[in-house]
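> need a structure here:
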Amino acid sequence: MDLQRRAALLERLRDYGLDASPPRAGMALPLIDLDAFFVGNDDARSIGPQISGAHPGIPALQATLRDIAAREDVSHVLVEAQDAQWAYDSDDEWVVATRVVIVTSADAADIDGWKQQLHVTAAAKGFPQPIAPNAPAVPVGHTAWHLVWT
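Next up is the predicted model:
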């Protein structure tokens with residue numbers, strides 16, 4: 001684990017109110033780019049901790065999300081930072097994410113395929129509510145989707 005990268009991520013998240021305390025109920029959770037979440041992160045429990053069965057691991061989830069982000073019909077792929085408190089308590093823990101946001105013009109079949117690849121349990125149109133303070137603008141013809149591990 002790259003503790004310097006984690007410290008930089010925690011500093012960014014602190015600006016959005018996500019710190020060593022448990023997240024407040026109803027708090028708008030910040031969205032972070034793939035590099036900020038994955039580079040230096042080797043904590044498999046940090047993303048999709050509720051995946052049933054064998055967890056595909058950080059490298060597999062990162063590769064899948066990067067492949068999705070590289071598509072011409074995708075404008076954003078972001079990770080929702082759900083909780084940071086454990087990252088303050090242990091050098092083995094990263095920020096926890098149970099949801100990713102994909103802004104795309106892809107059709108429902110593609111979304112279903114991504115659900116399968118990422119082992120998520122649900123996908124819903126729109127940004128998670130309340131909307132993150134740093135949510136990107138949605139280009140014309142695109143829709144925000146959030147994919148959730150529950």
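
> just the pLDDT at residue 86, thanks.
In this model, residue 86 is scored at 88, pLDDT.

> show me what the regular element (helix or strand) spanning it is packed against.
For residue 86, the element it lies in under DSSP states H and E is helix 85-89. If contacts are counted by 3 or more C-beta pairs under 8 Å, 6 or more residues apart in numbering; DSSP states H and E, helix 85-89 sits against helix 3-14. For the C-beta atoms, the positions are set from N, CA and C on the backbone; glycine is no exception.

> list the buried residues for the helix it packs on?
Using 16 or more other C-beta atoms under 10 Å as the burial criterion, the residues of helix 3-14 that qualify are 5, 6, 9, 10, 12, 13.

> what is the mean pLDDT for the helix or strand following it?
Later in the chain than helix 3-14, the nearest helix or strand by DSSP H and E is strand 31-33. For strand 31-33, mean pLDDT is 97.

> circling back: list the buried residues for the helix holding residue 86?
Buried, per 16+ other C-beta under 10 Å, within helix 85-89: 86, 87.

> next one: it to chain centre, how far?
17 Å (C-alpha atoms, centre = their mean, to the nearest Å).

> list the contacts for residue 85?
Listed by C-beta atoms under 8 Å, 6 or more residues apart in numbering, the contact partners of residue 85 are 19, 20, 21, 22, 23.

> apply 6 Å and report the result again.
Residues counted as contacts of residue 85 (C-beta atoms under 6 Å, 6 or more residues apart in numbering) are 20, 22.

> ok, residue 135 next?
residue 127.

> quick check: it is in a strand.
No: judged by DSSP: H, G, I helix; E, B strand; the rest coil, residue 135 forms no part of a strand; its state is coil.

> after the helix holding residue 86, next one along is what?
Following helix 85-89 in sequence, per DSSP H and E, is strand 99-104.

> report the mean confidence score over whichever helix or strand comes after that next one.
Next along the chain after strand 99-104, taking DSSP H and E as the criterion, comes helix 108-118. Averaged over helix 108-118, pLDDT sits at 96.
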